[in-house]
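# quick one: sequence and predicted model below, then my questions.
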Amino acid sequence: MAENRETFRESVLNNENLTAPTPHRDSGTPLEKDFIPNGFGSHMHLDASHDSETALKKMRTAGSVSITPELFEKLYLSPQNRVHGDLRKTVGNPTPLALIGFLISLHPLSMDLMGWRGAGGNGAASTGPYYFFGGLLMTLGAVGEVRKLPFIFQMGLADKTQWIIGNTFPFVVFGAFGAFWLGWAATLQPFYNAYGAYSTTDVPADGLNTVGFRSSYAFFFLAMAIMCFVFLICSLRTNMVFFMIFFTLVIAFCMLAGAYWQLNNGDAVQAQRLTVAAGAFTFCTCIFGWWIFIAIMLASLDFPFSVPVGDLSRVIKGASERDKNV
């Protein structure tokens, strides 16, 4: 045991590759949730035959725990990939935290855009939630997708700590939308003078009705639509619910951009229709978002039933899987 520990210590100091092998999806072998080299733990496979107390004890003592591909993709919104070291030996899954920040921000905004019960003003009443739910929680969720190796501290190698990316796709998505909500909130705040800079009077709010502000802000929505389109393509390797989230967002951002340009064309009626349609599509986004949030929370607490999310990872094979079949 001492010899194995010393060998592993030297490998870490030399920055050797500690990547765990990824089993083939069609082989029938469950994927590992985390990986620890021999000598530092053992591997446990949990299934329906284990009661909750037994499973908890095994998860506390096992070096790694195997879960099915479907459960992994439901929990992490990302296909299983090759990662370094003990990346997924976690104390909590950051994905639902980021999702709830997104939903608490977007759901009221979608109803504001549709003008329900007299709501409007681009959701200015929810500026606080945009900062602290959308911006803060999504940023924390993004950072949570990147974890430090805890076992390095246990070995006394604090000077060799490193950040290792395990879930790149959710990390980028949550980080990007966290920044979006911060940007949206900042635009609504007079302090940042986003629209006041376009005003030709002493009233900063008059800048909201200028051609310059509307066209400039529409380009921001267009850029968000392009970003969501890239996410849409990437989501074909995750699940159907995630795919529909980005599909509805692409349409919604395009409609918001069109609404601002129609105002500049003097067609306020068409602009209003586009705004309401954008709100309707973002409302659909929220329905899919709540669905996958519920699915993750049920799976995380080992409920006796689950909510399907439409796994797509087996429909579109990854490049590494394709190469194995060649």
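Okay, I see it.
# all contacts plus neighbour counts: C-alpha atoms, from now on.
Will do.
# buried residues in the longest helix along the chain?
When the chain is scanned for its longest helix (criterion: DSSP state H), the result is helix 268-300. Residues of helix 268-300 classed as buried: 271-272, 274-293, 295-299 (neighbour count, 16 or more other Cα atoms under 10 Å).
# tell me the mean pLDDT for that helix?
Averaged over helix 268-300, pLDDT sits at 96.
# extract the CA atoms of whichever helix or strand comes after it and return them as CSV.
The helix or strand immediately downstream of helix 268-300 is helix 319-325, counting by DSSP states H and E. Extracted C-alpha coordinates of helix 319-325, given in CSV (Å, rounded to 0.1, in the frame of the first residue of the first chain):
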residue,chain,number,x,y,z
ALA,A,319,-16.4,10.9,-32.4
SER,A,320,-14.6,8.6,-30.0
GLU,A,321,-17.3,6.0,-30.2
ARG,A,322,-17.4,6.2,-34.0
ASP,A,323,-13.7,5.7,-34.1
LYS,A,324,-13.9,2.6,-32.0
ASN,A,325,-16.4,1.0,-34.5
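# summarise which helices and strands helix 319-325 is packed against.
Contact here means 3 or more Cα pairs under 8 Å, 6 or more residues apart in numbering; DSSP states H and E; on that basis helix 319-325 packs against no helix or strand.
# low-confidence ranges, the stretch 201-326 of the chain, go.
Flagging of the stretch 201-326 of the chain using pLDDT under 70 yields the residue ranges 326.
# could you find the closest non-adjacent residue to residue 225?
By the measure of Cα to Cα, 6 or more residues apart in numbering, the closest residue to residue 225 outside its immediate chain neighbours is residue 250, 4.7 Å from it.
# what's the spacing between that neighbour and residue 232?
Separation of residue 250 from residue 232 (Cα to Cα, to the nearest Å) stands at 8 Å.
# all strands for the chain, in order.
Taking DSSP state E, the strands of the chain run over residues 31-32, 43-45, 64-67, 146-148, 163-165.
# quick one: the helices in this protein?
Going by DSSP H, the chain shows helices at 2-13, 52-61, 69-76, 95-114, 127-129, 138-144, 150-154, 168-188, 211-234, 240-264, 268-300, 319-325.
# so which of those gets nearest residue 197?
helix 211-234 (8.7 Å; Cα to Cα).
# number of residues surrounding the residue nearest to residue 171 when sequence neighbours are not counted?
Take residue 171 and drop its neighbours on the chain: the residue closest to it by Cα to Cα, 6+ apart is residue 142, 4.5 Å away. When neighbours are defined as other Cα atoms under 10 Å, residue 142 has 26 of them.
# you'd agree residue 142 is up against residue 168?
No. The pair residue 142 and residue 168 fails to qualify as a contact (Cα atoms under 8 Å) at a distance of 9.2 Å.
# just to revisit the earlier point, how about the residue nearest to residue 171, what does it touch?
94, 98, 170-175 (Cα atoms under 8 Å, 6 or more residues apart in numbering).
# can you pick the most crowded of the residues you listed?
residue 98 (30 neighbours).
# let me see the contact set for that one.
Residue 98 touches 134, 137-142, 174, counting by Cα under 8 Å, 6+ apart.
# just the closest of the residues you listed to residue 188, please.
Lowest distance from residue 188 to these (Cα to Cα) belongs to residue 134, with 14.3 Å.
# that closest one and residue 128, how far apart?
For residue 134 relative to residue 128 (Cα to Cα), the value is 9 Å.
# can you tell me the closest non-neighbouring residue to residue 167?
Per Cα to Cα, 6+ apart, closest to residue 167 is residue 145, 5.7 Å.
# much appreciated, bye for now.
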